[in-house]
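[1] Sequence and predicted structure, then a few things I'm wondering about:
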Amino acid sequence: MYENLLVAIDLTEPPAGYVLEHARAFLGSSGKLNVVHVVEPQYVQYSFDPTFKGTLSRALEQEALDVASARLAELCEPLGIDADHRFVLLGRAADRIHELAEKEGSDLIVIGSHGQEGLRRLLGSTANAVLHGTGQHVLAVRVPDDKLEPPPPRQKYQRILVAVDLSEESGQVLELAKNVAAKQGAGLFMVHAVKPFHHAYAGVNPTTLSDVGIQFEHEAEQQASAQLAELGRRFGVPASASFVRHGPPAAEIHALADELGSDLLVVGTHGKHGVQLLLGSTANAVLHGATCDVLAVRIR
């Protein structure tokens with residue numbers, strides 16, 4: 001799977017261990033796992049007193065770092081994660097996470113998400129910055145509010161849904177999803193959503209669609225079905241597990257994930273701007289509205 005993981009956790013929330021347990025399920029047999037918590041400065045901005053800034057603020061920050069280090073050790077030591085792989089950093093969370101991932105050569109960043117609001121809850125307001133500013137793959141683990149203890153990692157994923165845009169890069173996403181499914185013993189499904197004609201061409205009234213417009217939608221679905229079938233043949237996904245949906249992509253992907261009872265949604269991302277380019281402008285909606293874990297795979 002992945003050989004160099006960076007798990008970013010928020011020690012101020014009880015489910016920190018939940019995210020860490022799930023991350024370990026993605027670690028290769030000889031892989032390295034690093035854990036980071038970022039302490040963000042809070043109080044310097046509230047005072048113009050140079051004495052406060054020069055003494056008390058540093059003391060507060062140092063105490064916060066010391067407390068975080070002790071808590072991180074309590075969390076990690078029972079899992080065999082030694083001090084060389086534990087990091088407590090000071091600064092803007094997204095920046096420190098990006099820098100550490102680059103420095104350590106991480107190939108996957110694992111973060112926590114909460115409920116329907118999803119990634120926006122991670123480490124306060126830094127969630128989108130963490131996702132959009134990295135060149136690494138990102139796994140967002142949904143932490144249920146009413147369930148703090150994770151199931152055994154190998155039992156975590158049972159149904160994996162891959163959202164593909166049918167571009168040439170779709171194979172990269174499917175290849176990785178297939179590997180995850182094999183390791184987890186999970187069923188693999190894939191979906192492509194055909195955007196309605198009147199969504200693709202803003203302002204068009206669907207009730208007045210010409211025969212040409214209706215035929216366009218019909219042919220688009222037929223072509224998508226054929227391309228999805230070819231992907232299925234290449235990656236061993238049967239026709240019964242392949243779906244072409246018609247409607248707004250984010251809504252259709254969410255709906256199918258719920259219908260299938262999917263516990264992992266795999267999507268592709270492009271370049272440093274990450275999830276913003278998935279399936280056009282629907283990327284953030286796909287990620288933020290998901291009710292299950294989301295693995296964002298960076299296209300190379």
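    Yep, it's here.
[2] In the protein, which helix is the longest?
    helix 211-235 (DSSP state H).
[3] ok, and for it, which residues are buried?
    By 16 or more other CB atoms under 10 Å, the buried positions in helix 211-235 come out as 213, 217, 220, 224-225, 227-228, 231-232, 235. Every residue, glycine included, has its C-beta placed from N, CA and C.
[4] Which other helices and strands does it contact?
    Here helix 211-235 touches helix 170-184, strand 187-194, helix 197-200, strand 242-246, going by 3 or more CB pairs under 8 Å, 6 or more residues apart in numbering; DSSP states H and E.
[5] out of those, deepest packed?
    strand 187-194 (a mean of 22; mean count of other CB atoms under 10 Å).
[6] Report all helices and strands that that strand contacts.
    Going by 3+ CB pairs under 8 Å, 6+ apart, strand 187-194 lies up against strand 159-163, helix 170-184, helix 211-235, strand 242-246, helix 249-260.
[7] partners of it in the sheet?
    Using DSSP bridges, strand 187-194 pairs in its sheet with strand 159-163 (parallel), strand 242-246 (parallel).
[8] Switch those strands over to TSV; also include distance to Glu175 and mean pLDDT.
    Below are these laid out as TSV (distance: least, CB to CB, whole Å; pLDDT from 0 to 100):
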stretch	distance to Glu175	mean pLDDT
strand 159-163	10	95
strand 242-246	16	93
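[9] thinking again about what came up before, for Leu75, find the nearest of the helices and strands packed on helix 211-235.
    Proximity to Leu75, assessed across these by CB to CB, is greatest for helix 170-184 (23.9 Å).
[10] how much does that closest one deviate in direction from helix 211-235?
    Relative orientation of helix 170-184 versus helix 211-235 (axes from the mean of the first three to the mean of the last three CA atoms, to 10 degrees): 50 degrees.
[11] Give me the residues contacting helix 170-184.
    The contact list for helix 170-184 (CB atoms under 8 Å, 6 or more residues apart in numbering) reads 1, 25-26, 137, 154, 156-158, 160, 162, 164, 186-188, 190, 231, 234-237, 264, 266-268, 295, 297, 299-300.
[12] For PyMOL, what selects the buried ones among those?
    This is how PyMOL selects the buried members of the contacts of helix 170-184, with burial counted by 16+ other CB under 10 Å:
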select buried, resi 1+25+26+137+156+157+160+162+164+186+187+188+190+231+235+237+264+266+267+268+295+297
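[13] My guess is Cys292 contacts Val267. True?
    No - using CB atoms under 8 Å, Cys292 is not in contact with Val267, being 11.9 Å away.
[14] Show the subsequent helix or strand relative to the helix or strand containing Glu102.
    In the assignment (DSSP states H and E), Glu102 maps to helix 93-104. Counting by DSSP H and E, the next helix or strand C-terminal to helix 93-104 is strand 108-113.
[15] partners of that next one in the sheet?
    Applying DSSP bridges, one finds strand 108-113 paired with strand 2-8 (parallel), strand 137-142 (parallel).
[16] Buried residues of that strand, list them for me.
    108-113.
[17] Among those residues, name the least confidently predicted one.
    Among the buried residues of strand 108-113, Ser113 has the lowest pLDDT, at 72.
[18] Tell me how far the nearest residue to that residue once chain neighbours are set aside lies from Ala25.
    Computed as CB to CB, 6 or more residues apart in numbering, the closest residue to Ser113 that is not its neighbour in sequence is Ala140, at 4.5 Å. Relative to Ala25, Ala140 is positioned 14 Å away (CB to CB, to the nearest Å).
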